[in-house]
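> missing the sequence, but the structure's below:
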């Protein structure tokens, strides 16, 4: 069965303290990996799509990377407004390219 | 507003009542997906629809749940005879349907509370 596991479950950082979030996956035939950000009481907000091992994408203080077994979301010099739950997801389920399987997320708190 | 719209944002129902959740996809998007987020759990796929067609409903409970995406108007997720276990956040997403793996853009969700 396809699985997505995110670690850590929660992470507290001081403003400016860089770190990384991990998303490991087991899926037959990766057809993309998605990162989303979710604020309390809101829907997931799209951040990145990665399609192949070695690919990297950046947006402001965030950089996502992908290997054959996992993805990392690197946060450089975070600010309090980066506090949110970060979700990763992969298309899965019998060759589907639309049925997203999500991890449970990493709750990031950045203290000023 | 170019984003995915959902209404209502909050819905309270008593056990046995019906809940109707609406979703208008982003402009230009013809593919709609519904997900459910239970407390302390991740988002779970429920159903994938295109206009007037249900493509995949493998994540829908077999009873009481139905979904549609008519030619005109929003997509509707309907839950009949709600029970307390249906209390959750329901998210709709849409994509343009250009082939390969589309990015899905999510709406703000409807938070259903069953009393």
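That came in fine, so what should we check first? Note that the structure is predicted; figures quoted are calculated from it, not measured.

> Centre of the chain to the lowest-mean-pLDDT helix or strand in chain B, how far?
When the helices and strands of chain B are scored by mean pLDDT, DSSP states H and E, strand B:53-56 comes last with a mean of 92. The gap between where strand B:53-56 is centred and where its chain is centred comes out at 13 Å by CA atoms, centre = their mean, to the nearest Å.

> swap in stretch B:58-74?
Counting by CA atoms, centre = their mean, stretch B:58-74 is centred 8 Å from the centre of its parent chain.

> can you tell me the distance between the two ends of it?
End-to-end distance for stretch B:58-74: 21 Å, by CA to CA, to the nearest Å.

> before we move on, the earlier item: please list the outside residues in contact with the least confident helix or strand of chain B.
Residues outside strand B:53-56 that contact it (CB atoms under 8 Å, 6 or more residues apart in numbering or on different chains) are A:96, A:98-99, B:47-49, B:67-69. (C-beta placed from N, C-alpha, C; glycine too.)

> If you rank these by neighbours, which is first?
The most crowded member of the contacts of strand B:53-56, judged by other CB atoms under 10 Å in any protein chain shown, is residue B:49 (26 neighbours).

> Nearest residue to that one in space, ignoring adjacent ones along the chain?
Distance criterion CB to CB, 6 or more residues apart in numbering or on different chains; nearest residue to residue B:49, sequence neighbours excluded, is residue B:69 at 4.0 Å.

> if I look at the one you found, how far off is residue B:92?
10 Å (CB to CB, to the nearest Å).

> Mutual contacts of those two, please.
Jointly contacting residue B:69 and residue B:92 under the rule CB under 8 Å, 6+ apart are B:32, B:75.

> need the contact list for residue 105.
All of this is about chain A. A:6, A:9, A:38, A:85-87, B:42.

> think we crossed wires, I meant chain B
With the criterion set at CB under 8 Å, 6+ apart, residue B:105 makes contact with A:46, B:3-4, B:26, B:29, B:93-95.

> before we move on, what about residue B:52?
B:69-71.

> Try it again at 6 Å.
residue B:71 (CB atoms under 6 Å, 6 or more residues apart in numbering or on different chains).

> Please list the residues of chain A that sit near chain B.
Residues of chain A that fall close to chain B, judged by CB under 6 Å from any CB of the partner chain: A:31-32, A:42-44, A:46, A:49, A:91, A:97-99, A:102, A:104.

> between those residues, which has the most around it?
residue A:44 (29 neighbours).

> What separation is there between the residue lying closest to that one once chain neighbours are set aside and residue A:48?
Closest residue in space to residue A:44, ignoring its immediate chain neighbours: residue A:36 at 3.7 Å, by CB to CB, 6+ apart. For residue A:36, the distance to residue A:48 equals 9 Å [CB to CB].

> which residue is nearest the centroid of chain B?
residue B:34 (3.5 Å; CA atoms, centre = their mean).

> Give me the pLDDT value at that one.
With respect to pLDDT, residue B:34 scores 97.

> All the helices of chain A, in order from the start?
Counting by DSSP state H, chain A has no helices at all.

> which regions of it lie under the pLDDT threshold?
Scanning chain A for pLDDT under 70 picks out A:93-96.

> Which residues of chain B lie near chain A?
Counting by CB under 6 Å from any CB, the residues of chain B near chain A are B:42-43, B:45, B:48, B:91, B:101, B:103, B:105-109.
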